[in-house]
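Colleague: sequence and predicted model, in that order:
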Amino acid sequence: MINNKRNFSLNVFERASICRHFENEVYKRIVKKEIEFPVYLSAGQEYAPATIAEIVSIKKIKPLIFGQHRGHSIYLSFGGDINKLIKELKGKKDGCTYGMGGSLSIHSMKINMYGHDGFMGSNACIGTGACFSSKKPTIIFIGDAALEEDYVLASLSWVSKKKLPILFVVDDNNYAVLTKKDERRDWEAKELAKAFKMQSFDMMDDPMKISKYLKKSLFKKPTLVNIHTQRIFWHAGAGKDKENVFDRYLQQKKLLGRKADLLDEKIKKRMKLLWEKN
Ligand SMILES: Cc1ncc(C[n+]2csc(CCOP(=O)(O)OP(=O)(O)O)c2C)c(N)n1
């Protein structure tokens with residue numbers, strides 16, 4: 001199916017659409033102050049998890065998944081129960097993390113996703129340990145800032161030395177809260193991974209590019225992909241950095257035409273209903 005470009009792109013679009021309309025519903029509730037605890041919106045950054053989830057599902061692999069605080073789109077892309085995430089964000093006991101994790105710590109044994117503890121990049125170490133002991137295919141999503149943590153570097157070194165079946169995905173939105181990458185460092189993720197003798201790629205969040213790089217070697221050797229994304233909202237909450245950022249979701253919707261428009265409308269209505277119902 002990965003060779004059938006249109007089906008692949010539409011399937012990824014469907015996953016991304018669930019994420020986008022979910023986040024739009026959360027956004028409305030933050031603005032109305034119905035949700036008052038810190039929320040980490042992933043709108044604008046759906047295409048990395050949505051594409052990787054589609055590739056993994058085509059390959060019929062169920063990886064262990066370790067995300068950071070910005071995890072809604074990871075959970076939704078990999079098939080996490082939407083009702084349970086809504087309940088989690090409403091603080092209900094039957095939420096995916098029993099109403100105790102909130103936005104930051106999304107946990108689901110159904111999809112093998114392990115909740116984050118809030119310590120940025122700690123998921124790299126915990127995921128590496130989980131993979132080392134189980135030898136199961138593992139995906140670790142971190143931010144471009146988390147990659148700068150010393151313990152994340154130690155994890156990369158170990159993963160490479162032990163040739164673990166891990167995919168590190170650096171969701172590179174260019175920001176550590178408000179500080180841009182070029183104020184923080186003079187190296188790129190790809191060069192760093194290469195220094196540890198890891199296979200590494202750098203790309204935009206274009207689904208065909210991501211699949212081109214990952215379809216052959218996924219989990220065959222330790223790999224790091226740095227995927228450039230654009231966040232729509234601030235680090236936390238519903239404020240915006242600037243208007244008119246490049247929006248991969250809208251670009252793909254336009255590219256895919258009528259089928260994508262119909263999916264988008266259908267999923268928008270479904271998300272609205274689900275949020276009202278739960
Ligand atoms: C060890 C540690 N240091 C600092 C923080 C405060 N903090 C929370 S998120 C964040 C930036 C994270 O940026 P990145 O990893 O790129 O992820 P993004 O928020 O962009 O998705 C910082 C500095 C933290 N949670 N943990």
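Modeller: Good, I have the coordinates. Numbers count the residues shown, from 1 in each chain.

Colleague: can you list the buried residues in the top helix by length along the chain?
Modeller: Ranked by residue count, the top helix of the chain under DSSP state H comes out as helix 5-31. Neighbour-count burial for helix 5-31, counted by 16 or more other Cβ atoms under 10 Å, picks out 8-27, 29-30. (Each C-beta comes from the backbone N, C-alpha and C, glycine too.)

Colleague: burial count for the closest residue to the ligand within the stretch 1-150 of the chain?
Modeller: Nearest residue of the stretch 1-150 of the chain to the ligand (Cβ to the nearest ligand atom) works out as Gly143 at 2.2 Å. Using other Cβ atoms under 10 Å, Gly143 is surrounded by 21 other residues.

Colleague: wait, it touches Asp171, no?
Modeller: Yes - counting by Cβ atoms under 8 Å, Gly143 touches Asp171, with 5.7 Å between them.

Colleague: could you name every residue contacting both of the two?
Modeller: Taking Cβ atoms under 8 Å, 6 or more residues apart in numbering as the contact rule, Gly143 and Asp171 both touch Arg70.

Colleague: ends of stretch 60-68, what's the gap?
Modeller: End-to-end distance of stretch 60-68 (Cα to Cα, to the nearest Å): 24 Å.

Colleague: report the mean confidence score over it.
Modeller: Averaging pLDDT along stretch 60-68 gives 97.

Colleague: buried stuff in that stretch?
Modeller: So, applying 16+ other Cβ under 10 Å, buried residues of stretch 60-68: Pro63, Leu64, Ile65, Phe66, Gly67, Gln68.

Colleague: now, the residues you listed that are in helices?
Modeller: Short answer: the buried residues of stretch 60-68 have none in helices (DSSP H).

Colleague: which SS state does Leu250 fall under?
Modeller: Under the three-state scheme (DSSP: H, G, I helix; E, B strand; the rest coil), the conformation of Leu250 reads as helix.

Colleague: residue contacts, it?
Modeller: By Cβ under 8 Å, 6+ apart, the contact list for Leu250 is empty.

Colleague: gap between it and the ligand?
Modeller: 21 Å (Cβ to the nearest ligand atom, to the nearest Å).

Colleague: same question, Phe168
Modeller: Distance from Phe168 to the ligand, by Cβ to the nearest ligand atom: 12 Å.
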